[in-house]
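In: coords please:
(2 chains)
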Amino acid sequence: KAGVTQTPRYLIKTRGQQVTLSCSPISGHRSVSWYQQTPGQGLQFLFEYFSETQRNKGNFPGRFSGRQFSNSRSEMNVSTLELGDSALYLCASSLVGSYEQYFGPGTRLTVT
Amino acid sequence: GESVGLHLPTLSVQEGDNSIINCAYSNSASDYFIWYKQESGKGPQFIIDIRSNMDKRQGQRVTVLLNKTVKHLSLQIAATQPGDSAVYFCAESTVTNAGKSTFGDGTTLTVKP
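Out: Residues are numbered from 1 along each chain as shown, chains lettered A, B, ... in the order given. The predicted model follows:
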């Protein structure tokens, strides 16, 4: 079974721009969660989607948003990028109701 | 090469030794505790989990201990190998919010040949 895939793997953007990251979950996994990983803050939960609905949201500003499509694929968007948004963005998929999450390799976003 | 009780950001052990990685969690209402391994350039990988009503769980070469009294979790790796070198994270989750895990600070384990 193919693992979680994330595209693109690397991205360089300029302050003020916006970015969209994509995640394809493992086949059969309908829950998708997003995390931000930075050296200073560690892994922080962004949001979780199931059945195209946001189920949980972490403590991030409204510039961070996401969505999920009917095939369970998910995207996250960050608008008006700031230098502090530079991070590894990880997507994880799981079976509904399962805490066992399968992570993708992440998208490395650099904001200059 | 062992550390008991205290969370250390880095841990260096000799190949073949046992390793103990510690973690303190914050939410006494968490239902599950999970250990993840993250290798360079990859996302975290599930290692082992333990339910809140258990004290100990064993896997292949790994054992997780849970002390709810002091909200402490530990991961023991037996006969540590170079392939175990990675960053290890503990995480906690609840039944009602299974897709939302709260991660602890990682520990970078380096195994010296």
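
In: Near residue 50, how many other residues are there?
Out: I went with chain A, as the question did not name one. 19 (other CB atoms under 10 Å in any protein chain shown). For glycine as for every other residue, the C-beta is placed from the backbone atoms N, C-alpha and C.

In: right idea, wrong chain: chain B
Out: For residue B:50, using other CB under 10 Å, the count is 19.

In: residue contacts, residue 100?
Out: No chain in the question, so chain A it is. Listed by CB atoms under 8 Å, 6 or more residues apart in numbering or on different chains, the contact partners of residue A:100 are A:94, B:34, B:46, B:49.

In: actually it's chain B I care about, not the one you picked
Out: With CB under 8 Å, 6+ apart, residue B:100 has these contacts: A:33, A:45, A:48, A:56, A:58, B:93-94.

In: center of chain A - which residue?
Out: Centroid-nearest residue in chain A, with CA atoms, centre = their mean: residue A:34, separated by 3.5 Å.

In: so where does that residue fall, helix or strand?
Out: strand A:31-38 (DSSP states H and E).

In: can you pull the contacts of the closest residue to chain A within chain B?
Out: Closest to chain A within chain B is residue B:43: 3.1 Å, counting by CB to the nearest CB. The neighbours of residue B:43, taking CB under 8 Å, 6+ apart as the test, are A:4, A:90, A:92, A:103-106.

In: Ignoring the adjacent residues along the chain, who's closest to it?
Out: Closest residue to residue B:43 apart from its sequence neighbours, by CB to CB, 6 or more residues apart in numbering or on different chains: residue A:103 at 3.1 Å.

In: isn't the one you found right up against residue B:44?
Out: Yes - using CB atoms under 8 Å, residue A:103 is in contact with residue B:44, at 4.9 Å.
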